[in-house]
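Novice: let's see this in three dimensions:
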Amino acid sequence: MKRTPVNPWPWSLKLGYNQAEIIEQSNRQLICAGQTAVDAGGNPQHDGDMRKQIILALDNLDAVLGAAGMGLANVIRLAIDTTDVDGALKNFDILGARFGSIKAAPPMTLLGVRRLAIPGLMFEIEATAAD
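Specialist: This is a model prediction of the structure:
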């Protein structure tokens, strides 16, 4: 897969994402459901702790990608919902560390929502991946 970043303005790069990417020579595409801070049984974890919820949601996303023979480097788009935008942004260094270490900056959208499907959850990350 060939990825070409499209950034008419540089400001989003400081936040760890490209405005757009041209994806060429892709074979498969994977559409992932939103991943949250739940354990293997679907039980919510880390009530009230945004940082730990983001880490577990990313771990769960990585597990879904791995089950499809992909990884975070294959992510071509992210959509994030959170009940606390400011709290999520304060912890975006986690996304920067996970995606920055593999030199990936997929386009993303961050939305504030009233609540997520399971009470107590504050962060949900949805991804599209390709290889």
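Novice: which other helices and strands does the longest helix seen in the chain contact?
Specialist: When secondary structure is assigned using DSSP state H, the longest helix within the chain turns out to be helix 50-67. If you count contacts as 3 or more C-beta pairs under 8 Å, 6 or more residues apart in numbering; DSSP states H and E, helix 50-67 packs onto helix 85-90, helix 93-100, strand 123-130. For the C-beta atoms, the positions are set from N, CA and C on the backbone; glycine is no exception.
Novice: any idea which of these is most buried?
Specialist: For the helices and strands packed on helix 50-67, the stretch with the most neighbours on average is strand 123-130, a mean of 22; neighbours defined as mean count of other C-beta atoms under 10 Å.
Novice: with just CA atoms, put stretch 105-119 into PDB.
Specialist: Presented in PDB, the C-alpha positions along stretch 105-119 are these (Å, rounded to 0.1, in the frame of the first residue of the first chain):
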ATOM      1  CA  ALA A 105      -0.600  10.000  11.100                       C
ATOM      2  CA  PRO A 106      -3.900   8.800   9.800                       C
ATOM      3  CA  PRO A 107      -6.600  11.400   9.200                       C
ATOM      4  CA  MET A 108      -9.000  11.500  12.200                       C
ATOM      5  CA  THR A 109     -12.100  13.100  13.600                       C
ATOM      6  CA  LEU A 110     -12.700  13.800  17.300                       C
ATOM      7  CA  LEU A 111     -16.300  14.300  18.400                       C
ATOM      8  CA  GLY A 112     -17.700  15.100  21.800                       C
ATOM      9  CA  VAL A 113     -20.800  13.100  22.700                       C
ATOM     10  CA  ARG A 114     -23.100  13.000  25.600                       C
ATOM     11  CA  ARG A 115     -22.400   9.400  26.400                       C
ATOM     12  CA  LEU A 116     -21.200   6.200  24.900                       C
ATOM     13  CA  ALA A 117     -23.100   2.900  24.600                       C
ATOM     14  CA  ILE A 118     -21.900   1.600  28.000                       C
ATOM     15  CA  PRO A 119     -22.200   3.900  31.000                       C
END
